[in-house]
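1. predicted coordinates and the sequence they were generated for:
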Amino acid sequence: MERLSKNDVGRVVRIAPLKSQRRRDRGGTIITRARCHPETRDYLARKKAEGKTTREAIRCLKRHLARRIWNLLQPPHPVGGTWKCSTS
């Protein structure tokens, strides 16, 4: 087994904290919504009634909100199959 020099140990210590910075959001906004927003509380209650744990219910809530935000960011769909735009 190879021994680490002082420089190697320092390099390992500096690199190690970077791993925690790449973790996903721990849900600060989601937790606040779960505490204060009635619709979110109802959603979590439904998920728990389905047999999910609190962690699984919060994971479902994160996915649900991500889908809602994604749909809001998408361009509008045409009405009746054609785009309504005025041309001069």
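-> Yes, it's here.

2. need the helices for the protein, in chain order.
-> For the chain, the helices defined by DSSP state H cover 6-21, 28-36, 38-49, 54-73.

3. just want the angle from the third one to helix 28-36.
-> Helix 38-49 runs at 90 degrees relative to helix 28-36, counting by axes from the mean of the first three to the mean of the last three CA atoms, to 10 degrees.

4. which helices and strands sit right next to helix 38-49?
-> Counting by 3 or more CB pairs under 8 Å, 6 or more residues apart in numbering; DSSP states H and E, the packing neighbours recorded for helix 38-49 are helix 28-36, helix 54-73. C-beta coordinates here come from the backbone N, C-alpha and C atoms, glycine included.

5. pLDDT (mean, whole number) over it?
-> Helix 38-49 shows a mean pLDDT of 96.

6. which residues touch that helix?
-> Under the contact criterion CB atoms under 8 Å, 6 or more residues apart in numbering, helix 38-49 has outside partners I30, R33, A34, T54, E56, A57, I58, C60, L61, H64.

7. please convert the buried members of those residues into PyMOL selection syntax.
-> A single PyMOL command is used to select the members of those judged buried by 16 or more other CB atoms under 10 Å:
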select buried, resi 30+33+34+57+58+60+61
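
8. of all the contacts of helix 38-49, which two lie farthest apart?
-> The most widely separated members of the contacts of helix 38-49, counting by CB to CB, are R33 and E56 (16.7 Å).

9. about what we covered before: where among the helices of the chain is the average confidence lowest?
-> Among the helices of the chain, helix 6-21 scores lowest, at a mean of 55.

10. before we move on, back to that, any chance of the helices and strands packed on helix 38-49 in TSV, plus distance to D42?
-> TSV is the format used below for the helices and strands packed on helix 38-49 (distance: least, CB to CB, whole Å):
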stretch	distance to D42
helix 28-36	11
helix 54-73	11
